[in-house]
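Undergrad: Starting from these lines, generate the structure:
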Amino acid sequence: MSTEQTTAANGFSYTLTRTLETPVAQVWRAWTTAEQYARWAGAAAGSVEMDVRPGGAWKATMLTPDGGQFPLTGSYLEVAENRRLVIGMDVPGKPEPAAMTMELDEQDGRRTQIVLRQTCDTVQERDMAEQGSTMLLDSLSAFLAAETRH
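TA: All right, here's what the predicted structure looks like:
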């Protein structure tokens, strides 16, 4: 696995890039299947619902390391199976969802480059979103590595 992290010059965007030793279809399923997503993303059991199509809704209750819970909701803005997923996340007090883009690029049939991008309104929002996305990629990488070993 390789990792690359970039912060845009305007300070409000980030791009995270990883290369996973997993075929693209397996990465896609982990990100778009409620049961698999719940296993690696830190969601409460039974809380994940996904309607993976443009305009389809998703929701999950995330668990924090200190035992807290916080609900997340949103919709899928773009869906291109095994290639691109644009996820809208509802943000309290904001009229438009925050959009995170996930792009997948299969390399040699066995590896997948995953790129996460997001633009935020403030440096603080960007830092929090980037930290959360880094944690998601770490968890996804560990989950897929364990799945591959079985």
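
Undergrad: Please make it C-alpha for all contacts and neighbour counts, starting now.
TA: Fine.

Undergrad: Which residue comes closest to R110 once chain neighbours are left out?
TA: P23 (4.6 Å; CA to CA, 6 or more residues apart in numbering).

Undergrad: got a list of what the one you found touches?
TA: By CA atoms under 8 Å, 6 or more residues apart in numbering, the contact set of P23 is 106, 109-112.

Undergrad: And M102, by the same measure?
TA: 84-86, 114-117.

Undergrad: go again using 10 Å as the cut-off
TA: Neighbour list for M102: 15-17, 28, 31, 78-79, 83-87, 114-118 [criterion: CA atoms under 10 Å, 6 or more residues apart in numbering].

Undergrad: Go through the helix or strand where it lies and flag the buried ones.
TA: Applying DSSP states H and E as the criterion places M102 in strand 98-107. Within strand 98-107, the residues scored as buried using 16 or more other CA atoms under 10 Å are 98-106.

Undergrad: Pipe those into CSV and attach pLDDT per row.
TA: Output for those, formatted as CSV (pLDDT from 0 to 100):
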residue, pLDDT
A98, 91
A99, 94
M100, 95
T101, 97
M102, 97
E103, 98
L104, 98
D105, 97
E106, 95
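
Undergrad: Longest helix in the chain, please.
TA: helix 123-149 (DSSP state H).

Undergrad: Packing partners of it?
TA: On a contact count with 3 or more CA pairs under 10 Å, 6 or more residues apart in numbering; DSSP states H and E, helix 123-149 meets strand 2-7, strand 13-20, helix 24-32, helix 34-41, strand 98-107, strand 111-119.

Undergrad: Looking at those, which is nearest to F143?
TA: Comparison of the helices and strands packed on helix 123-149 against F143 by CA to CA identifies helix 34-41 as nearest, at 5.9 Å.

Undergrad: Can you mark which positions in that closest one are buried?
TA: 34-35, 37-38, 40-41.

Undergrad: what's the burial count for V52?
TA: Look at V52: counted by other CA atoms under 10 Å, it has 21 neighbours.

Undergrad: mind checking how far it is from D108?
TA: 26 Å (CA to CA, to the nearest Å).

Undergrad: for T122, same thing?
TA: T122 is 38 Å from D108, by CA to CA.

Undergrad: Compare these two and say which is more crowded by neighbours.
TA: Here T122 and D108 are compared on neighbour count by other CA under 10 Å; more neighbours surround T122, at 12 against 8.
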